[in-house]
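Q: here is my input, please return the structure:
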Amino acid sequence: MKLKFALLTALTVATASAFAEKAPEPPGGKHAQAAEQLFRASFRADNPKYWMTRLDQDETMKTCGLYRDNPPRKIGAALEKQNRATIRYPVDGKLMGDWREGEKLAAVGTGGHIGFIQPDPPGRTRGGNCYACHELAKKELAYGTIGPSLHHFGKIRGNSDEIVKYAYDKIYNSNAFTACTNMPRFGLHSWLTPEQITHIVAFLMDPASPVNQD
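A: Numbers count the residues shown, from 1 in each chain. Below you'll find the model as predicted:
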């Protein structure tokens, strides 16, 4: 019995030592850097430089990648604070625009396309493509479910100044609320202008908007 106990103790100590000596794997994974290099190498070297800058990651993207979209809460909170500081508002201070314009933007999925065969022509409107992830107006039957349903958003939540600001801020920079969310940061990346974002806010909040109709 004593021999068996001694062997078990020795095995436990040896196992613990082995784990202690092994360096922990970095949060992003040991192959993260190689994967990033391979990804960049898959693009043609003669692509216009301004195209290639879209591959560059800011601190939020790098950190979320490092922790596989699940950073420690302290780090996540710091990222959210940094992103909140980036939010900019329209010059006139109005956060509710025209829901009719917002309806158009929510449905448009064009803009930002790159390529030698059929790139976007100059001046093409960049849309929010909101239906790719959300249910909005009932008349649109094709919608994604990556994000929550926003049907009756304003009807359920009201349109107080606080909720209007929340909707604007969320569209402008969603990482201000959830550090590693999948939602694009439309305002931060200048995909939509502050004025365009106010129109989408109105599409969500205005009682006359089809989003808030049965």
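
Q: CA only for contacts and neighbour counts going forward, please
A: Noted.

Q: how about the spatially most central residue of the chain, nearest residue that isn't a chain neighbour?
A: Centroid check for the chain by C-alpha atoms, centre = their mean gives M183 as the closest residue, at 3.1 Å. Spatial nearest neighbour of M183, excluding adjacent residues (C-alpha to C-alpha, 6 or more residues apart in numbering): S174 at 6.2 Å.

Q: ok, Y168 next?
A: That would be V201: by C-alpha to C-alpha, 6+ apart, it lies 6.1 Å from Y168.

Q: packing partners of the helix or strand hosting that neighbour?
A: Using DSSP states H and E, V201 maps to helix 194-205. Contact here means 3 or more C-alpha pairs under 8 Å, 6 or more residues apart in numbering; DSSP states H and E; on that basis helix 194-205 packs against helix 99-107, helix 153-157, helix 161-172.

Q: so which of those is nearest M205?
A: Taking C-alpha to C-alpha, helix 153-157 is the member of these nearest to M205, at 4.1 Å.

Q: can you give me the buried ones in that closest one?
A: For helix 153-157, the neighbour count (16 or more other C-alpha atoms under 10 Å) marks F153, G154, K155 as buried.

Q: alpha carbons of that helix, as PDB, please.
A: The C-alpha coordinates for helix 153-157 follow below in PDB (Å, rounded to 0.1, in the frame of the first residue of the first chain):
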ATOM      1  CA  PHE A 153     -37.900  48.400 -32.100                       C
ATOM      2  CA  GLY A 154     -39.300  51.900 -31.400                       C
ATOM      3  CA  LYS A 155     -42.800  50.600 -30.500                       C
ATOM      4  CA  ILE A 156     -41.300  48.400 -27.700                       C
ATOM      5  CA  ARG A 157     -38.600  50.700 -26.500                       C
END
